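[1] structure for the following, please:
(chains A, B and C)
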Amino acid sequence: MEFISQHPILVAAVVKIAVLLFIVMTALAYLTWLERKAIAHIQSRWGPYNVGAHGLLQPLADGIKFLFKEDVIPPAADKLAYLLAPFLALALGLSAIALIPFGPPSVRFPNGEQIFSVVDINIGLLLLFAITSMGVYGVALAGWSSNSKYPLLGGLRSSAQMISYEVSLTVSVVGVILLAGTLNFNEIIAGNGQPGQFGQTGHWFHFIPRWYIFPQIIGFLCYLTSAIAETNRVPFDLPEAETELVAGFHTEYSSFKFAMFFMAEYANMITVSCLATILFLGGWLSPFPDTGIWHYQIFLPSAGLLALAAYCAWNTVSEMRGIARLQLGVVTLLAGGGGLICLYGPIAEGVQGPFWFTTKILAILFFYIWMRATLPRFRYDQLMSFGWKFVLPVSLANLVITALVIILWPHLRHG
Amino acid sequence: MLFGLGVVAFVFKRHIITIFMSIELMLNAVNLAFVAFARARGALDGLVFVFFVIVVAAAESAVGLAIVIMLAQNRQSMNVERENLLKL
Amino acid sequence: MIAILLFMVCAALTVAGAVTLIWAKEPIHSALALVLVMVTLAVLYLLLGAPFIAAVQIIVYAGAIMVLFVFVIMLLNAGVEERTNFSKLAIPGVVLAFVLLLEIAHWMFHSAIGRALANGANAPTTEASTYDLSEMLFRQYLFPFEATSILILIAVLGAWVLARREP
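    I've put the predicted structure just below:
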């Protein structure tokens, strides 16, 4: 026990990292479930339904399948790069999530460490971009080391696409940085809801929150487009489309390494959504003002969980049979228990931050999945010319206009 | 020491791209020296210069690699000891 | 304590990366070694109190320039590096490099400035914030800043001219 008291920062950091890793890996797995269900429902079908109740054990089944598949290594592959690429991709994708604050920095452990972010760096945004720009290596090395035509082409195209849209990603964010005046995530979020300097409240017209998305709507759209291209999702996913290039850069990977690429792609998606919520949508701030009747918004998380519990209970009783009934009953109990716990005062306040953060991330992820279900693909040259000839000039123009506005009316800055 | 290793690589290697990479290694070694001395003297000028060195290295590697690509397309070999057209 | 340990580990990794750069037979392994060198150097910059430079190093150097190197190696399908015969001319070179190293070590340990630097590790322990650095960049060094932007433009034009096919 003295170890814990003598090295409080280290122990707190390790605990935070372990919890965060566990939550993120589970979230990755269930993101695949969410994607399959959402795409299915958009396409008027059900999606995974049989594996667990409502398909909830499907990610577990997929994981077991990946673990037990035969691990094939192409004989002429470059061993070092072949083995390194998926590890690199997954490591970078997961480590980017360490920089992100999930809740207000005022909530702390007894020894003063923030609960909701693993680290709080003054240049957090810049380091996040550094990590995403290293993500190109995973793709390029994977494509090359498999020593066959399709992965090489897919890998090169994919990495060229990633570096092209990385530039517009960075430029579209600089408008927000200019408005906020800082690269620190916690301060950017705080600037999002700040009351204006003339005594205005933290909301325009008293009900629209003062998030950066409203002054920077062009920046937000450029950012979203670049982010979808950066993570190789539809409509920009030609390099890994199944009908075009077999499977692109991860053709020659089997079982667990393929699973790692898969997880790396979803981890990148989560990272980029987190960044979008922090920069544009106000992070862990709630969209409702904190006055009068809105005090009861504290009970929103528990209300949500109890509603979920009620739905699951009804479904258990009416529709499910057999073991699915048991599983859904367990889910009901968990949701109900969580809802009841969140009614308790201090926990309700503590859980507000992550609740809003998670809601916003889920909204953006749903938008991603929605786009995947609805849009066709771009051709590769259309994709590249779109990036360089349209998105980049528009984001640069956004930057110039924002800079001009800030110079001419300096009271609009928050920092 | 990094600089020394870079020089050794530059002298001994024959593959043109490895030679380019040793140039980058030397530049990085110089950057490290700059940052260390800037911190020891408390002046920020060293860091500004490091910034410029990184930018210049980016520009010259872009142009250098373009030249290398053209060379490789013309000669089918990446061995610098065979580029002896300027020899007497 | 952790800082010293981290410094040792990073310094060792940097030198290991540089040696791998020299010893590797395939250029792609050398490129990966150089990426390792750059990342460890970025960590060293962080330890030396220059976080902005560390981030810029990763974004620009390890994230863009080395990607360019890796692309070129992949596209040109560069062959294996052959082992060369030991040329006699290189021996004086190596001796001179070693002498240079000894001289720098001597200077560091025996001259006044060197000793002051080695002991003056209690120089500013606050990190160089982005604000101060950018203020200096845009006020005193404005002309070099604009000059580098023109330099980059020239580099882009040069690369484009070199790489296009003759019509």
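[2] for the closest residue to chain C within chain B, what are its contacts?
    Closest contact between chain B and chain C, by C-beta to the nearest C-beta, is at residue B:59 (3.7 Å). Just so you know, the C-beta spots here come from the backbone N, C-alpha and C atoms, and that holds for glycine as well. With C-beta atoms under 8 Å, 6 or more residues apart in numbering or on different chains as the criterion, the residues that contact residue B:59 are C:148, C:151, C:152, C:154, C:155.
[3] chain B next: which of those residues are close?
    Filtering those for proximity to chain B (criterion: C-beta under 8 Å from any C-beta of the partner chain) leaves C:148, C:151, C:152, C:154, C:155.
[4] ok, now how distant is the second one from residue B:26?
    Computed with C-beta to C-beta, to the nearest Å, the distance linking residue C:151 and residue B:26 is 19 Å.
[5] repeat that for the fourth one.
    Residue C:154 sits 22 Å away from residue B:26, taking C-beta to C-beta as the criterion.
[6] shaky segments in the stretch 151-300 of chain A?
    A:193-210, A:238-253, A:289-297 (pLDDT under 70).
[7] so which residues of it form helices?
    Using DSSP state H, counting those that start in this stretch, the helices of the stretch 151-300 of chain A run over residues A:185-192, A:217-230, A:255-279, A:300-318.
[8] could you dump those to TSV with mean neighbour count and distance to chain C?
    Formatted as TSV, these follow (neighbours: other C-beta atoms under 10 Å in any protein chain shown; distance: least, C-beta to the nearest C-beta, whole Å):
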stretch	mean neighbour count	distance to chain C
helix A:185-192	23	12
helix A:217-230	23	13
helix A:255-279	23	15
helix A:300-318	17	35
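[9] among those, which is nearest residue A:117?
    With respect to residue A:117, and counting by C-beta to C-beta, the nearest of those is helix A:185-192 at 7.4 Å.
[10] and of the contacts of residue B:59, the nearest to chain B?
    The closest of the contacts of residue B:59 to chain B turns out to be residue C:155 (C-beta to the nearest C-beta; 3.7 Å).
[11] I figured the closest one was touching residue B:60, is that so?
    Yes. The pair residue C:155 and residue B:60 passes the contact test of C-beta atoms under 8 Å, sitting 7.2 Å apart.
[12] who's more crowded, these two?
    In terms of neighbours (other C-beta atoms under 10 Å in any protein chain shown), residue C:155 is the more surrounded of residue C:155 and residue B:60; the figures are 20 against 17.
[13] quick one: contacts for that one?
    For residue C:155, the contact set (C-beta under 8 Å, 6+ apart) comprises B:58, B:59, B:60, B:62, B:63.
[14] report the contact partners of the residue in chain C positioned nearest to chain A.
    Of all residues in chain C, residue C:63 sits closest to chain A, at 3.2 Å by C-beta to the nearest C-beta. Under the criterion of C-beta under 8 Å, 6+ apart, the contact list for residue C:63 reads A:130, A:133, A:134, A:136, A:166.
[15] let's see it at 6 Å
    If you count contacts by C-beta atoms under 6 Å, 6 or more residues apart in numbering or on different chains, residue C:63 has them with A:133, A:134.
[16] what about it, which SS state?
    Following DSSP: H, G, I helix; E, B strand; the rest coil, the label given to residue C:63 is helix.
[17] how close does it get to residue B:59?
    Distance of residue C:63 to residue B:59, given as C-beta to C-beta: 16 Å.
[18] chain neighbours aside, what residue packs nearest to the closest residue to chain B within the stretch 201-350 of chain A?
    Ranked by C-beta to the nearest C-beta, the top residue of the stretch 201-350 of chain A for proximity to chain B is residue A:230, at 20.6 Å. With C-beta to C-beta, 6 or more residues apart in numbering or on different chains as the measure, residue A:165 is the residue that lies nearest to residue A:230, at 4.9 Å, once sequence neighbours are left out.
[19] I figured the one you found hits residue A:226, correct?
    Yes. At 4.5 Å, residue A:165 counts as touching residue A:226 under the criterion of C-beta atoms under 6 Å.
[20] give me the buried positions along the longest helix anywhere in chain B.
    Taking DSSP state H as the criterion, chain B has its longest helix at helix B:45-75. Of the residues in helix B:45-75, those buried by neighbour count under the rule 16 or more other C-beta atoms under 10 Å in any protein chain shown are B:46-52, B:54-55, B:57-66, B:68-69, B:71-72.
[21] average model confidence for that helix?
    Averaged over helix B:45-75, pLDDT sits at 82.
[22] now stretch A:12-31
    Mean per-residue pLDDT for stretch A:12-31: 85.
[23] could you see whether chain C lies near that stretch?
    No. Under the criterion of C-beta under 6 Å from any C-beta of the partner chain, chain C is not reached by stretch A:12-31; the shortest gap measures 11.3 Å.
[24] with only the CA atoms kept, save that stretch in CSV.
    Only the C-alpha atoms of stretch A:12-31 are listed here, as CSV (Å, rounded to 0.1, in the frame of the first residue of the first chain):
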residue,chain,number,x,y,z
ALA,A,12,-3.5,6.8,-11.1
ALA,A,13,-2.1,6.9,-14.6
VAL,A,14,-1.9,3.1,-14.8
VAL,A,15,-5.4,2.7,-13.5
LYS,A,16,-6.8,5.3,-16.0
ILE,A,17,-5.0,3.7,-18.9
ALA,A,18,-6.2,0.2,-18.0
VAL,A,19,-9.8,1.3,-17.6
LEU,A,20,-9.7,3.4,-20.8
LEU,A,21,-8.1,0.5,-22.7
PHE,A,22,-10.8,-1.8,-21.6
ILE,A,23,-13.6,0.6,-22.4
VAL,A,24,-12.1,1.5,-25.8
MET,A,25,-11.7,-2.1,-26.8
THR,A,26,-15.2,-3.0,-25.8
ALA,A,27,-16.5,0.1,-27.6
LEU,A,28,-14.6,-0.9,-30.8
ALA,A,29,-16.2,-4.3,-30.7
TYR,A,30,-19.7,-2.9,-30.2
LEU,A,31,-19.1,-0.3,-32.8
